[in-house]
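Peer 1: How does the following fold in three dimensions:
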Amino acid sequence: MHSTALFVLILVCRYELGSGEDEREYDQSRTLADMRKLMEETSATLRVYQQKTESLMSVVTKQERELQALQADVARLSSEECGERDSEGNKHDPKRVSEVNGTSSSVAFYAQLSADQSNFGTHQTIIFDRVRTNIGSAYNHDDGVFTAPFPGVYIFFWTTINRDNSHMQTELVVNGSQFGRVWADSGNHADYTMASNMVVVTLAAGSTVWIRSDTGHSGFTSGQNFATFSGWLLQNI
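Peer 2: Numbering: from 1, shown residues only. Got it, this is the predicted structure:
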């Protein structure tokens, strides 16, 4: 009887031990499966976020490029339409500055009559032979003629001087026609007289300008660098 009871007790213990081991193995297997599933879900979520991040970075890069292009357009338009201002707040038009600095606007000359001239005839060219300034090389000191290299508005200024008891009427000529006149008169007194005039004229490229004697003169004008002829381009057209 005692032997039978002991045998039954041993069987029960072995059953319980076996059942506990099976449960632990089951729990461990289930835990590993849950961990693998969680890792797979986490990896999938990370992949989704990575794709979204890459997409957003692409959008940001595109927007940065568009912003840079817009900023460049704004700067160009501001420069062209409004001009730039210096440290004193003065406005400068880059296009106009470019024209002034370029050869298209670099036209100016200044010449003097180095010696007295006599025995003038009517409509005889006065050649201002001593050239002090000739930007653009438009003035010819050999014949006294200025040739406009570009169409535009030009300014010309000339001065003549006469000594005792002489007089000289001169005129500025544009393409063969009188455009301005001046009279220096010392005819009735023993001293020197100077006379000057300035004209503003629109010229086409190739137009010619010079100073010549008019009909009223005594055949003499003083030089010695007092008599001068100058001109410059005011504005391109």
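
Peer 1: contacts and neighbour counts: CA atoms only from here.
Peer 2: Will do.

Peer 1: What segments of the protein are helices?
Peer 2: All helices of the chain, identified by DSSP state H, fall at 2-77, 94-101.

Peer 1: Spatially, what comes nearest to Arg181 if we skip its sequence neighbours?
Peer 2: In space, and not counting its chain neighbours, Arg181 is closest to Glu171: 4.1 Å by C-alpha to C-alpha, 6 or more residues apart in numbering.

Peer 1: What's the separation between the one you found and Arg163?
Peer 2: 19 Å (C-alpha to C-alpha, to the nearest Å).

Peer 1: and Met57, what is it in contact with?
Peer 2: If a contact means C-alpha atoms under 8 Å, 6 or more residues apart in numbering, then Met57 has no contacts.

Peer 1: Based on its surroundings, how many neighbours for the residue nearest to Trp183 when sequence neighbours are not counted?
Peer 2: The shortest distance from Trp183 to any non-neighbouring residue, by C-alpha to C-alpha, 6+ apart, is to Gln169 (4.4 Å). Per other C-alpha atoms under 10 Å, the neighbour tally for Gln169 reads 20.

Peer 1: which stretches of the protein aren't confidently modelled?
Peer 2: 1-28, 56, 59-60, 79-104, 164-166, 186-191, 216-223 (pLDDT under 70).

Peer 1: Got the domain ranges for it?
Peer 2: Following the assignment in the TED database, the chain carries domains at 24-79, 108-236.

Peer 1: Pick the most buried one from those.
Peer 2: Ranked by mean neighbour count, these are led by domain 108-236 with a mean of 19 (mean count of other C-alpha atoms under 10 Å).
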